[in-house]
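Whatever this is, show me its structure:
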Amino acid sequence: MYPADHRVTTEDSNDVSTHTATYQGRAKLHHRYPFSIVWQQTRVAFQISYGVTHLFQQTFPITSTELLDGVPDFQQALYQSDFITADAAFRAGRVASTTAYRETYWRHWEAYCSPLGVDPHLSYSSTPYSVRARTLTGFAARVRSGFYGRGRKIQADSARSAITAIGQTISLDTGVNPTKEDNGTKILFPLRLMFDGWRKEDPPTEKKLPVEADVPEFLADIGRQAHATPLQKAVGDLALIAFYYLLRIGEYTGKPSRNETKQTEQFKLQDVTFFSRDKMGRLRQLPKTASADSIMSAESATLKLDNQKNGWKGVCIHQHTNGDCYLCPVRALGRRVLHIRENGGTPTSLLSAVWMDGTSHFVTHSHISSGLKIAAAALDYPSCKGIPIERIDTHSLRCGGANALALAGYKDRQIQKMGRWRSATFLEYIREGLFEFSAGMSTSMKRSFNFVNVEGGVFRDITNVALNTEYQVNTNYTTRN
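Numbers count the residues shown, from 1 in each chain. The predicted structure is shown next:
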């Protein structure tokens, strides 16, 4: 049927007609549309005959010509359409930013291997173990030096990510990952030792530190002033929302152009739902067209996220009013919704949208970041809280909200749910360096608990000692009837 190195791809519909077809088949798809195949040498172009509006751009290898041997010609197009559907799902399962990262390092890897005369795929048949290990460790060392970046040495885990990218690329092509040991669970031993040595050299990572509610409240107070601009009002409101709802920066800020490499979806107007109680005291959902008075008197509000960083879809976050008539997450959401509605926004308008002089803009990452630093400096965080300004950024709002919940006594499970963390990694946000986390610990530890090692009588006979020892009663405790 097809050559051994046959690959399936798609071509632009205008180019398909230029090919010299050695085989053409037509079949009916599931939706009863004709599907054409134009095959030339080692490539196949698929064309939907009823009018092409979208054509797949991904190529994928056919592992064996035996796969289609014996399949009647009139059915081959249907099978090929199955492969295209599977390939589309394969692409959807990858995060584009990860794919771009892998492709970038693969180009560097090929260029590194070429002068050495080493097969980039590190085939077991042509590349001995020692050559594989030597080439991979050398490449990792070059990556760590910053040669492929900004010229600054990077940390061990970043260099390891580059090796992981190489291994995954080879595995997708050959089904084998030569950066791993034969059992496929651990990276090559020389690589492992090298990365362990680099980790010992690396300085500790300086993570962003949390802020309290006073920082977003400071920004909201700026937007509260009569002379405040719409942008200042939006920054203050979004800072409040992010702190109380534990939002990631990409979920509530816009960008000049959409970044297709990320799977996080930004909150839109249609994702906000308000709740109030009726005359019978029952909680009711307000309609999307609710009046301004109803929205600004709502008891609580829900944010629905279509997709997020960890791939968790359709998640809802609910918050209640905190008793403040202005510095409240529900009231801040209400102000955002009303601003967008009053300026002709649609249900799909981003929550970060802001209109100034009749022109639509977005609150961006830099707006939030600079605002937080200004607020923290004005509140004298370095002196009063021991938190340097350079360690405050957009992540400080999410981190600060998690810390506030922990200090208020909420359980880990509740914090995890509120922040939409799928694992215990959220505990990294709880800063043990804060004074409140150790308050009272030494006093509690000073107590005498009179504990007894029950293993004492299990591993050796203490009968004689017990019988000849006078029984002492602790008179500090009394028995209650």
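
switch to C-alpha atoms for all contacts and neighbour counts from now on
Will do.

so what's residue 244 up against?
Neighbour list for residue 244: 319, 329, 401 [criterion: CA atoms under 8 Å, 6 or more residues apart in numbering].

Listing partners with orientation, what would you give for the host helix or strand of the first one?
In this case it means residue 319. Per DSSP states H and E, residue 319 falls inside strand 315-320. For strand 315-320, the pairing partners within the sheet under DSSP bridges are strand 300-305 (antiparallel).

Which residues are in contact with residue 374?
Residues touching residue 374, when contacts are defined by CA under 8 Å, 6+ apart, are absent altogether.

just to confirm, which helix or strand has it in it?
Applying DSSP H and E as the criterion places residue 374 in helix 365-378.

Could I get the buried residue list for that helix?
Judged by neighbour count (16 or more other CA atoms under 10 Å), helix 365-378 contains these buried residues: 365, 367, 368, 369, 371, 372, 373, 374, 375, 376, 377.

swap in stretch 382-395?
Applying a neighbour-count criterion of 16+ other CA under 10 Å, one finds 387, 388, 389, 392, 393, 394, 395 buried in stretch 382-395.

ok, now how distant is the first one from residue 185?
In this case it means residue 387. Using CA to CA, to the nearest Å, residue 387 is found at 41 Å from residue 185.

same question, the third one
From residue 389 over to residue 185 the distance is 42 Å, taken as CA to CA.

same check, this time on the second one
From residue 388 over to residue 185 the distance is 41 Å, taken as CA to CA.

Residue 250 touches residue 266, doesn't it?
Yes - taking CA atoms under 8 Å as the contact criterion, residue 250 and residue 266 are neighbours in contact, 6.5 Å apart.

re the thing from before, from the buried residues of stretch 382-395, which land in helices?
Applying DSSP state H to these, the entries found in helices are residue 395.

Low-confidence regions, the stretch 301-450 of the chain specifically.
Screening the stretch 301-450 of the chain residue by residue with the criterion pLDDT under 70, one finds the ranges 307-314, 425-426, 428-439, 441-443, 445-446, 448-450.

That one: strands as residue ranges?
For the stretch 301-450 of the chain, strands defined by DSSP state E, counting those that start in this stretch occupy the ranges 315-320, 353-356, 359-362.

The nearest residue to residue 338 once chain neighbours are set aside: neighbour count?
Leaving out its chain neighbours, the residue that sits closest to residue 338 by CA to CA, 6 or more residues apart in numbering is residue 292, at 6.9 Å. Residue crowding around residue 292 was assessed by other CA atoms under 10 Å; the count is 14.

For residue 345, see how far away residue 292 is.
As for residue 292, its distance to residue 345 is 15 Å (criterion: CA to CA).

Then residue 79?
For residue 79, the distance to residue 345 under the criterion CA to CA works out to 45 Å.

ok, residue 112 touching residue 140?
No - counting by CA under 8 Å, no contact exists between residue 112 and residue 140, whose distance comes to 10.7 Å.

what's the spacing between the closest residue to residue 151 other than its chain neighbours and residue 371?
By the measure of CA to CA, 6+ apart, the closest residue to residue 151 outside its immediate chain neighbours is residue 145, 6.9 Å from it. Taking CA to CA as the criterion, residue 145 is separated from residue 371 by 35 Å.

got it, and residue 411?
Using CA to CA, one obtains 31 Å as the distance from residue 411 to residue 371.

before we move on, what about residue 384?
Residue 384 is 19 Å from residue 371, where distance means CA to CA.

excluding its backbone neighbours, what's nearest residue 184?
Once flanking residues are discounted, residue 184 sits nearest to residue 177: 7.4 Å by CA to CA, 6+ apart.

For residue 382, give me its contacts.
For residue 382, the contacting residues are 388, 389, taking CA under 8 Å, 6+ apart as the criterion.

Repeat that for residue 215.
Contact criterion CA under 8 Å, 6+ apart gives 372, 375, 376, 379 as the residues in contact with residue 215.

Name the nearest residue to residue 141, sequence neighbours excluded.
Nearest in space to residue 141, with sequence neighbours left out and distances taken as CA to CA, 6+ apart, is residue 159 at 7.8 Å.

That neighbour contacts residue 144, correct?
Yes - under the contact definition of CA under 8 Å, residue 159 touches residue 144, with a separation of 5.4 Å.

re the thing from before, quick one: the strands of the stretch 301-450 of the chain as a markdown table, columns for distance to residue 210 and mean neighbour count too.
Shown next, in a markdown table, are the strands of the stretch 301-450 of the chain (distance: least, CA to CA, whole Å; neighbours: other CA atoms under 10 Å):
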| stretch | distance to residue 210 | mean neighbour count |
| --- | --- | --- |
| strand 315-320 | 20 | 16 |
| strand 353-356 | 26 | 20 |
| strand 359-362 | 25 | 14 |
